[in-house]
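> mind folding the following:
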Amino acid sequence: MTQTVVGIFDNPADTERAVADLIAAGFAREKISLIGPHSQDKHIAIAGSNVEHAEDLAIGALGGGVLGGVLGALVGMVVIALPGIGPVLAAGPLAAVLGSAGMTMALGAGAGAVGGGVLGALTWAGITHDEAVVYEELIKRGGTLVMVQASREERERASAILHRDGAADAHTLEEEWRKQGKY
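Alright, predicted model coming up:
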């Protein structure tokens with residue numbers, strides 16, 4: 001049975017390391033999803049460079065190009081405008097769900113709208129509604145979500161990789177926000 005393992009990252013270098021470590025540990029690229037902020041300003045700055053593929057531009061827009069090499073290997077890279085969040089770069093199974101829920105924009109083009117958004121995609125992937133709310137808020141705040149579909153046997157290994165590389169989890173973050181009065 002497939003289970004969902006999720007980590008959220010504030011630092012693009014940590015995100016890149018986590019994805020690279022998951023791939024190196026044998027997790028299939030098509031089982032790894034990512035949703036992170038997409039900055040139009042960074043995209044425009046990168047668009048003037050000599051890049052062969054449009055998806056390279058979008059990849060470079062996330063984290064100022066830090067993630068390009070690793071994320072280029074992920075499946076189904078799209079840029080989507082999410083209500084209440086704005087443009088995000090998505091890859092993997094979550095990108096397919098978000099893309100099928102509404103209009104995706106061509107990489108480098110104008111934004112379309114997506115119904116259901118991150119909450120719908122995450123709950124579709126097996127995340128509880130309460131955790132999905134926390135993850136959606138973190139994405140709104142500029143975090144990047146990495147999700148792995150893993151077998152029951154792989155679940156602990158995937159979780160260990162994500163947390164070792166700097167991921168936070170929903171329960172810890174929700175608890176911190178409640179203590180700080182931010183949730």
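> residue ranges in this protein under the pLDDT threshold?
By pLDDT under 70, the weakly predicted segments of the chain are 39-76, 99-116, 182-183.
> now do the helices in it.
For the chain, applying DSSP state H gives helices covering 12-24, 40-47, 54-61, 68-71, 93-100, 117-124, 129-140, 155-164, 170-180.
> columns mean neighbour count on top of these, output as TSV?
Every residue, glycine included, has its C-beta placed from N, CA and C. Formatted as TSV, the helices of the chain follow (neighbours: other CB atoms under 10 Å):
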stretch	mean neighbour count
helix 12-24	20
helix 40-47	15
helix 54-61	22
helix 68-71	20
helix 93-100	20
helix 117-124	21
helix 129-140	19
helix 155-164	18
helix 170-180	13
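> would JSON lines of the ones you listed with distance to residue 82 be doable?
Below are those laid out as JSON lines (distance: least, CB to CB, whole Å):
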{"stretch": "helix 12-24", "distance to residue 82": "18"}
{"stretch": "helix 40-47", "distance to residue 82": "14"}
{"stretch": "helix 54-61", "distance to residue 82": "15"}
{"stretch": "helix 68-71", "distance to residue 82": "18"}
{"stretch": "helix 93-100", "distance to residue 82": "7"}
{"stretch": "helix 117-124", "distance to residue 82": "5"}
{"stretch": "helix 129-140", "distance to residue 82": "8"}
{"stretch": "helix 155-164", "distance to residue 82": "22"}
{"stretch": "helix 170-180", "distance to residue 82": "18"}
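> now for those helices, which one comes closest to residue 32?
Proximity to residue 32 (CB to CB) singles out helix 12-24 among the helices of the chain, at 5.8 Å.
> out of the helices of the chain, which gets nearest to residue 5?
Short answer: helix 155-164, nearest of the helices of the chain by CB to CB, at 4.3 Å.
> so the closest one versus helix 12-24, what angle?
160 degrees (axes from the mean of the first three to the mean of the last three CA atoms, to 10 degrees).
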